[in-house]
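Student: Pasting the sequence and the predicted coordinates here, then a few questions.
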Amino acid sequence: MKTFTLFILIVLSLSSCSNNENPVQPLLTETMYFPPNIGSEWETVSLSSLGWNQNAVQALKDFLLQTHTKSFIIIINGRIVMEEYFNGHSAIESWEWNSSGKTLVATAIGIAQEEGFLNINNKVSDYLGIEWTNMPLEKEKLINVSHLLTMTSGIDDTKQWVIKSNLTYVADASTRWAYGNVFQKLMDVISNSTNKTFETFFNEKIKEKIGMDGYWNFGTFFSIYHSTTRSMARFGILALNNGKWNDSQIINEAFFNESISTSQSMNPSYGYFWWLNGKPTYMIPGEQTIYESFLFPNAPADMYAAMGASDQRIYVVPSKKMVVIRMGGASDPENANFAVSGFDNALWEKINLIVN
């Protein structure tokens, strides 16, 4: 009799928890959703079903509008929870990724390595030939592909136009972290090693595999990807799943995990073009200052992000199975260049008021 009574109490307790507590938990444990590669179908889930605070949504929308946002999406487990467009932008219009697109290049490098076309521990000159820089040859030979991936090449970061005369020596490779545009040489590494244009390789190995739209604009100074907001979200979902899309491993999982891990000793908040939250210190572009703090104190500690000028963002939060996308103009038009600014913390303060 005592055993039967205990059994009934356990059943009632479990029933109470499932009916009344933590309504988000069932969603977090169900199968990840991937939108079809063709068409506009995309599953959604309501804020109410997640137990989120609907009353805080308008404050978030107001903030997004005030900070020149064009589009904003929150995704849980691959499903859209919020999707908003502002300032005349729409779901079918493309916008620039700016430096957020560096993560696309890192992904392409990982795929090329997995397919045997290159090795990131090899010298860049193995793929571009010697004298691809304007550095002394003995210094140029110190630069491996991995140094371009981690912003530790030692090349002058103050000259952003990537031409040979600008690729001058500042420090030995691996001894200095400095954010620069020389990453674009990785596109040439892929082209030369695969015998395909970078865009052809990217389209075949990433864009078409996950149903992205968009195009690369190879300008005089910068090479920038443009796409719809949902395509940016598709890449975010790929990142959330450690490089997997449905049943296909698009990028080697071990390489992707390297990408979202500290890549060098100077700036622990930087991987392979991904920015990492939750680390004790960080550095920012254009400076050699070390800041003793999380990158974004208001954001989840396990978050990693693709970040570009004018506040283009892909935030990925594994603990919440969440992807957040923001595209648009600079939140601070007088500081449009890439920078870790108060915008991110202010945005996450608003998001935290919604998400339980």
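Tutor: Alright, I've got the coordinates.
Student: what ranges do the helices span in the stretch 51-200 of the chain?
Tutor: 57-66, 102-114, 125-128, 137-140, 145-149, 185-194, 198-202 (DSSP state H, counting those that start in this stretch).
Student: what about residue 96, neighbour count?
Tutor: 20 (other CB atoms under 10 Å). Bear in mind the C-beta positions are built from the backbone N, C-alpha and C, glycine included.
Student: just residue 132 next, same as before
Tutor: Residue 132, neighbours per other CB under 10 Å, totals 17.
Student: Low-confidence stretches in the chain?
Tutor: For the chain, applying pLDDT under 70 flags the ranges 1-29, 336-341.
Student: in it, which residue is closest to the centre?
Tutor: Centroid-nearest residue in the chain: residue 306, 2.8 Å away (criterion: CA atoms, centre = their mean).
Student: right, and the helices of the stretch 51-200 of the chain - which one's nearest residue 342?
Tutor: helix 57-66 (11.9 Å; CB to CB).
Student: Take that closest one, keep the C-alpha atoms, and write them as CSV.
Tutor: Taking Å, rounded to 0.1, in the frame of the first residue of the first chain, the C-alpha atoms of helix 57-66 are listed here in CSV:
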residue,chain,number,x,y,z
VAL,A,57,8.1,43.0,-27.2
GLN,A,58,7.0,46.6,-28.0
ALA,A,59,10.0,48.1,-26.1
LEU,A,60,12.3,45.9,-28.2
LYS,A,61,10.6,46.9,-31.5
ASP,A,62,10.9,50.6,-30.5
PHE,A,63,14.6,50.1,-29.7
LEU,A,64,15.2,48.4,-33.1
LEU,A,65,13.4,51.2,-34.9
GLN,A,66,15.3,53.9,-33.1
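Student: just to revisit the earlier point, who does the residue nearest to the centre of the chain form a beta bridge with?
Tutor: residue 314 (DSSP bridges).
Student: Likewise for residue 225?
Tutor: Applying DSSP bridges, one finds that residue 225 bridges with residue 216.
Student: Verify the contact between it and residue 215 for me.
Tutor: Yes. Checked against CB atoms under 8 Å, the pair residue 225 and residue 215 is within contact range at 7.4 Å.
Student: So between the two, which is more surrounded?
Tutor: residue 225 (27 against 13).
Student: List the residues that contact the more buried one.
Tutor: 96, 97, 101, 104, 214, 215, 216, 217 (CB atoms under 8 Å, 6 or more residues apart in numbering).
Student: and if you look at residue 133?
Tutor: Residue 133 neighbours (CB under 8 Å, 6+ apart): 140, 143, 155, 164, 167, 168, 169.
Student: Give me the PyMOL select line for the residues you listed, limited to the buried ones.
Tutor: Only the buried entries of these go into this PyMOL selection, using 16 or more other CB atoms under 10 Å:
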select buried, resi 140+143+155+167+168+169
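Student: Tell me which entries of the contacts of residue 133 lie within strands.
Tutor: In strands, judged by DSSP state E, none of the contacts of residue 133 are found.
Student: Tabulate the contacts of residue 133 (CSV), appending distance to residue 54.
Tutor: Shown next, in CSV, are the contacts of residue 133 (distance: CB to CB, whole Å):
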residue, distance to residue 54
140, 57
143, 52
155, 50
164, 56
167, 53
168, 55
169, 56
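Student: hang on, the earlier thing: isn't the residue nearest to the centre of the chain right up against residue 98?
Tutor: No. With contact defined as CB under 8 Å, residue 306 does not reach residue 98; the gap is 9.8 Å.
Student: Touching both of these two, which residues are there?
Tutor: residue 312.
Student: closest to residue 243 among the contacts of residue 225?
Tutor: residue 104 (12.6 Å).
Student: got the contact list for that closest one?
Tutor: With contact taken as CB under 8 Å, 6+ apart, residue 104 is in contact with 97, 202, 206, 225, 235.
Student: Could you do residue 149 as well?
Tutor: Contacts for residue 149 were tallied using CB under 8 Å, 6+ apart; they are 106, 109, 120, 183, 186, 263, 272, 273.
Student: so how many other residues sit close to the nearest residue to residue 93 once chain neighbours are set aside?
Tutor: Spatial nearest neighbour of residue 93, chain neighbours left out: residue 228 (6.7 Å); criterion: CB to CB, 6 or more residues apart in numbering. When neighbours are counted by other CB under 10 Å, residue 228 registers 20.
Student: who touches residue 228 in this structure?
Tutor: Contacts of residue 228 (CB under 8 Å, 6+ apart): 91, 92, 93, 94, 95, 213, 214.
Student: ok, the fourth one touching residue 226?
Tutor: The reference is to residue 94. Yes. Between residue 94 and residue 226 there is a contact at 4.4 Å, judged by CB under 8 Å.
Student: what is in contact with those two at once?
Tutor: With CB under 8 Å, 6+ apart as the test, residue 94 and residue 226 both reach 214, 215.
Student: which residues in this protein form strands?
Tutor: With DSSP E as the criterion, the chain has strands spanning 69-76, 79-85, 95-96, 215-218, 223-227, 244-245, 248-249, 275-276, 304-308, 312-317, 322-328.
Student: how about the ones you listed in JSON lines, adding distance to residue 193?
Tutor: As requested, the strands of the chain are exported to JSON lines (distance: least, CB to CB, whole Å):
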{"stretch": "strand 69-76", "distance to residue 193": "34"}
{"stretch": "strand 79-85", "distance to residue 193": "37"}
{"stretch": "strand 95-96", "distance to residue 193": "27"}
{"stretch": "strand 215-218", "distance to residue 193": "18"}
{"stretch": "strand 223-227", "distance to residue 193": "17"}
{"stretch": "strand 244-245", "distance to residue 193": "24"}
{"stretch": "strand 248-249", "distance to residue 193": "21"}
{"stretch": "strand 275-276", "distance to residue 193": "27"}
{"stretch": "strand 304-308", "distance to residue 193": "24"}
{"stretch": "strand 312-317", "distance to residue 193": "27"}
{"stretch": "strand 322-328", "distance to residue 193": "31"}
